[in-house]
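In: Mind folding the following:
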Amino acid sequence: MALPFRDQAFDRATFVHGLHLISHPSRALEELRRVVRDGPAIVIDPTSDNVALFVHEYFGIKASAAGRPSTEEVLAMLQAAGFGRVAHERVIYTDSVDGSLHALHTSALHLAGPAYLRNTSFWMGLDDDTRRAGLAALARDLRSGLLEERVRAHFEQAAVRGHETVFAAWP
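Out: Numbers count the residues shown, from 1 in each chain. This next block holds a predicted model:
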């Protein structure tokens, strides 16, 4: 919200997986614009237009995109922050190499694996009991084949709606 850099300190900048975690995303984008000279500034985040993540259900959290801004809202925030030109594309992960919770939705084995999940902000926000219960439910569905089916169905939705959206913005 207050980057420790002078105005136009950087030619380019990247803002990854943060908008949906910040209470005032428009303020963060204004700060991003302040430090970017020529651009582009790249913002990648899930929007409400992208497919909701079903893994939340395993941890007692209703899968919802309602709390995230829409693609149009992010476009409007970037323009209000002072970016004159903004382009955007939906991102569809084809593997879990990215390591984000969204990318993990391409692999039942990785989605059910605590070694993969522990690297996500989602995982860090869970208490131990919720974590254990969710992992047990994921392991059960992995063994039965249900998790593989859910991953397949989720990927079909992501092929249409995207896992996330990437925005490129220039002053």
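In: got a list of what Thr165 touches?
Out: Going by Cβ atoms under 8 Å, 6 or more residues apart in numbering, Thr165 touches Ile44, Asp45, Pro46, Thr47, Asp49, Asn50, Thr71, Val74, His88, Glu89, Arg90, Val91. C-beta here means a position set from N, CA and C on the backbone, and glycine is covered the same way.
In: Confirm that it sits in a strand.
Out: Yes - assessed by DSSP: H, G, I helix; E, B strand; the rest coil, Thr165 belongs to a strand.
In: Thr130 belongs to a helix, doesn't it?
Out: Yes - per three-state DSSP, Thr130 lies within a helix segment.
In: wait, doesn't it sit right on Gly60?
Out: Yes - with contact defined as Cβ atoms under 8 Å, Thr130 reaches Gly60; the gap is 6.3 Å.
In: Between the two, which has more neighbouring residues?
Out: Between Thr130 and Gly60, Thr130 has the larger neighbour count (other Cβ atoms under 10 Å), namely 14 against 11.
In: List the contacts of the more buried one.
Out: Shown in contact with Thr130 (Cβ under 8 Å, 6+ apart): Phe59, Gly60.
In: With Asp141 as the reference, measure out to it.
Out: According to Cβ to Cβ, to the nearest Å, Thr130 stands 17 Å off from Asp141.
In: Next: Leu32.
Out: Separation of Leu32 from Asp141 (Cβ to Cβ): 39 Å.
In: With Asn50 instead?
Out: In terms of Cβ to Cβ, Asn50 sits 23 Å off from Asp141.
In: Who has more neighbours out of those two?
Out: Shown here are Asn50 and Asp141; by other Cβ under 10 Å, Asn50 has more neighbours (23 against 18).
In: Just the pLDDT at the spatially closest residue to the more buried one that is not a sequence neighbour, thanks.
Out: The spatial neighbour of Asn50 that comes closest, neighbours along the chain excluded (Cβ to Cβ, 6 or more residues apart in numbering), is Gly162 at 4.8 Å. On pLDDT, Gly162 comes in at 97.
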